[in-house]
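Peer 1: I would like the atomic coordinates for the input below:
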Amino acid sequence: MFDVVVDEKSGPDGSWVPTALERRLAGERAAHRRRPLHEQLASSLPGGALLDRLDLLDAEEADDAALVEMVAAARRVEAHAHQVALRAAAALADRPSMQPGALAEHTRGPVGVAGDELALRLRTTKSEGHRLVRRGRAVQTVLTRTGSALALGQIDQTRAAAITDGVEGVPWQVAMAVEDAVIERAPRRTAAQVRADVAKALIAVDPAEAEGRARARRAERRVSRPRALPDGVASLRVEGPATEVHALDVALESAARAAKHEGDARTLEQLRFDALTGLGSQALATGTFGGCGCAGPSAGAGAGAGAGAGAGAGGVVADGTSAPATDGGPAPSGTPLGVIGGRRPHIQVTIPFDQLLPDRHEGEMSGAAIAGSDVPILAGYGPIAPTTARAVAAGGIWRRLVTDPVTGTVLDIGRTRYRPPPGMAELVRARDGTCVRPGCSHQADHCQLDHTIPFGSGGRTGVSNLGPLCTRDHLLKTHGDFTVTQIEPGVFEWTTPAGYQYRRERDGATTNLGAGTPGAPRRDPEDGRDPPF
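Peer 2: So this is what the prediction gives:
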């Protein structure tokens, strides 16, 4: 009267009996565990399970081969995670909240704001935020094989970027054909080799448009803004037609070798650098760019500041001298320098007043005393050594800005003035230093001054309602659904289309206030006067 159901996994006594497939999988797992650790790691797919295992491994106990594979496995997990980030960035960019219609009418840049949203959250540049979006859309639509290889850890994000960036802007049919030509070999190639493979395939697949693409890239030639490096060093990146870049390289090398032949003690790399940077020192001293500047010495910034020098053998400037003057010599030829921020171009250094004193010693300042306003700041770079700051404080092509060492209040703008002038715009730019969007590094001198509360909406023209914004961030505030509040002079709170709030502190640091956190009320003086800062 009862139906008897026989479980195929149960024996006569009801015990569990594995299927043939389960027996095979169990055998493979056992064999896998018997293999050396480095072989186990090399054959593991990226993901959470692999990351968990890596976290539990003791690097001190692993042999050399296992340590190598631990690094490789971690990089595969990193690639997998990057693919997740690209996928999420692409999905975010498709949300209606990230596509304010008004912005498209006012910019030739990205019309979506997902990249700007991500840049704030990730504490990175707007360019990097928009690159995440572009690459994410590429691997989710046209370059799906690249996305799959990245997710499996077969290629890292650098090689994936070599493919996505290499076919950016070409028709989708061409992009897919190029991907098909390079993706199989990409796991066995370096990033530089993948870039070369993409360039070669692009010409082979679409030779008719190769010259057009080259013209477009030539039109995008650029020199980057300085990128800060440790110990008072910075770098510039030059991008442009290969012939012009190589011509510059050959000229620098020739000048350096000529100086070396004349007995200069500097290294070739130092000579190449000094030949190039001498152009900038000379231009700021003479007011023109590109003149010969060979009339003799002048009062420049000095060797302590790393100033440029007079022309030496092969056009390489000599150590310890300054840029040539025009007094008593021929007028310099070249392109006259323009005006930046309403003033002649200059290099600005912010120096706490007490560090200008001649009896100041480096060792007198304890580590606890160091704060954001306690060390000299080179605009566009960051902190520099007090000895370097004092060397340039005398003037020349440099412009010093002296502050109170306790409060950070601006005491002097210019070379000898110790009280703020009435120029409100100059004071606001000096106070904020850069664009006031959290994380933006555009120098205030190159920014527009924005009324935080629009003038047409009753906003006052005062230091508590002004802040420098670069062109992109000004557009985001005006047309991109980003809102800004200046809760006190020099402190700005931003709310993004996704509802996140960030506070840009007076020292440029960013505080994440989270999603939906109401900002503090704006503090306007009741008597209508501008508060001190």
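Peer 1: Arg217: what's it in contact with?
Peer 2: Neighbour list for Arg217: empty [criterion: C-beta atoms under 8 Å, 6 or more residues apart in numbering]. C-beta coordinates here come from the backbone N, C-alpha and C atoms, glycine included.
Peer 1: for it, helix, strand, or coil?
Peer 2: helix (DSSP: H, G, I helix; E, B strand; the rest coil).
Peer 1: Gln501: which element?
Peer 2: strand 500-504 (DSSP states H and E).
Peer 1: Which elements pack onto that strand?
Peer 2: Secondary-structure packing of strand 500-504 (3 or more C-beta pairs under 8 Å, 6 or more residues apart in numbering; DSSP states H and E): helix 114-122, strand 491-495, strand 510-515.
Peer 1: and these as TSV, adding mean pLDDT?
Peer 2: Converted to TSV, the helices and strands packed on strand 500-504 look like this (pLDDT from 0 to 100):
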stretch	mean pLDDT
helix 114-122	95
strand 491-495	96
strand 510-515	90
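Peer 1: what angle do the strand holding Gln501 and strand 510-515 make?
Peer 2: 160 degrees (axes from the mean of the first three to the mean of the last three C-alpha atoms, to 10 degrees).
Peer 1: Partner strands of strand 500-504, with direction?
Peer 2: strand 491-495 (antiparallel), strand 510-515 (antiparallel) (DSSP bridges).
Peer 1: Mind listing residues that contact it?
Peer 2: With C-beta under 8 Å, 6+ apart as the criterion, strand 500-504 contacts 117, 120-121, 436-438, 487, 491-496, 510-517, 519.
Peer 1: Restricted to buried residues, select those residues in PyMOL.
Peer 2: One line in PyMOL is enough to select the buried ones among the contacts of strand 500-504; burial here means 16 or more other C-beta atoms under 10 Å:
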select buried, resi 117+120+121+436+437+438+487+491+492+493+494+495+496+510+513+519
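Peer 1: Which residue ranges of the stretch 401-533 of the chain form strands?
Peer 2: In the stretch 401-533 of the chain, strands defined by DSSP state E, counting those that start in this stretch lie at 410-413, 448-451, 466-469, 483-488, 491-495, 500-504, 510-515, listed in chain order.
Peer 1: nearest to Leu143, of the ones you listed?
Peer 2: Taking C-beta to C-beta, strand 500-504 is the member of the strands of the stretch 401-533 of the chain nearest to Leu143, at 29.4 Å.
Peer 1: Give the rounded mean pLDDT of the closest one.
Peer 2: Averaged across strand 500-504, the pLDDT comes to 94.
Peer 1: Can I get that strand in CSV, CA atoms only?
Peer 2: Only the C-alpha atoms of strand 500-504 are listed here, as CSV (Å, rounded to 0.1, in the frame of the first residue of the first chain):
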residue,chain,number,x,y,z
TYR,A,500,27.0,61.2,-1.3
GLN,A,501,28.4,64.2,0.6
TYR,A,502,32.0,65.2,0.9
ARG,A,503,33.6,68.1,2.8
ARG,A,504,36.6,69.8,1.4
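Peer 1: what angle do that strand and helix 114-122 make?
Peer 2: Going by the same axes, to 10 degrees, strand 500-504 makes 60 degrees with helix 114-122.
Peer 1: buried stuff in stretch 244-254?
Peer 2: Leu252.
Peer 1: Stretch 184-198 now?
Peer 2: Ala186, Arg189, Ala191, Val194, Arg195, Asp197, Val198.
Peer 1: neighbouring contacts of that stretch?
Peer 2: Here stretch 184-198 has contacts from 149, 154-156, 158-159, 161-163, 166-167, 178, 181-182, using C-beta under 8 Å, 6+ apart.
Peer 1: out of the residues you listed, who has the most neighbours?
Peer 2: In terms of neighbours by other C-beta atoms under 10 Å, these top out with Ile163 at 30 neighbours.
Peer 1: Export the buried residues of stretch 184-198 to JSON lines and append columns for secondary structure.
Peer 2: Listed next are those as JSON lines, based on three-state DSSP:
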{"residue": "Ala186", "secondary structure": "helix"}
{"residue": "Arg189", "secondary structure": "coil"}
{"residue": "Ala191", "secondary structure": "helix"}
{"residue": "Val194", "secondary structure": "helix"}
{"residue": "Arg195", "secondary structure": "helix"}
{"residue": "Asp197", "secondary structure": "helix"}
{"residue": "Val198", "secondary structure": "helix"}
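Peer 1: I'd like the strands of the stretch 401-533 of the chain as JSON lines, with distance to Leu56 appended.
Peer 2: What follows is the strands of the stretch 401-533 of the chain, written out as JSON lines (distance: least, C-beta to C-beta, whole Å):
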{"stretch": "strand 410-413", "distance to Leu56": "54"}
{"stretch": "strand 448-451", "distance to Leu56": "52"}
{"stretch": "strand 466-469", "distance to Leu56": "48"}
{"stretch": "strand 483-488", "distance to Leu56": "46"}
{"stretch": "strand 491-495", "distance to Leu56": "41"}
{"stretch": "strand 500-504", "distance to Leu56": "34"}
{"stretch": "strand 510-515", "distance to Leu56": "31"}
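Peer 1: coming back round to it: mind checking which of the helices and strands packed on strand 500-504 is nearest Arg272?
Peer 2: From those, taking C-beta to C-beta, the stretch that ends up closest is helix 114-122, at 34.2 Å.
Peer 1: other SSEs contacting the following helix or strand past that closest one?
Peer 2: Remark: after helix 114-122, the chain's next helix or strand is helix 126-140, criterion DSSP H and E. Here helix 126-140 touches helix 64-93, helix 114-122, helix 144-151, helix 157-166, going by 3+ C-beta pairs under 8 Å, 6+ apart.
Peer 1: In helix 126-140, which residues are buried?
Peer 2: Applying 16+ other C-beta under 10 Å to helix 126-140 flags 126, 129-140 as buried.
Peer 1: Stretch 449-465 now?
Peer 2: Leu449, Asp450, His451, Thr452, Ile453, Gly459, Arg460, Gly462, Val463, Ser464, Asn465.
Peer 1: ok, back up a step: mind putting the helices and strands packed on strand 500-504 into JSON lines with distance to Ala65?
Peer 2: Listed next are the helices and strands packed on strand 500-504 as JSON lines, based on distance: least, C-beta to C-beta, whole Å:
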{"stretch": "helix 114-122", "distance to Ala65": "35"}
{"stretch": "strand 491-495", "distance to Ala65": "49"}
{"stretch": "strand 510-515", "distance to Ala65": "42"}
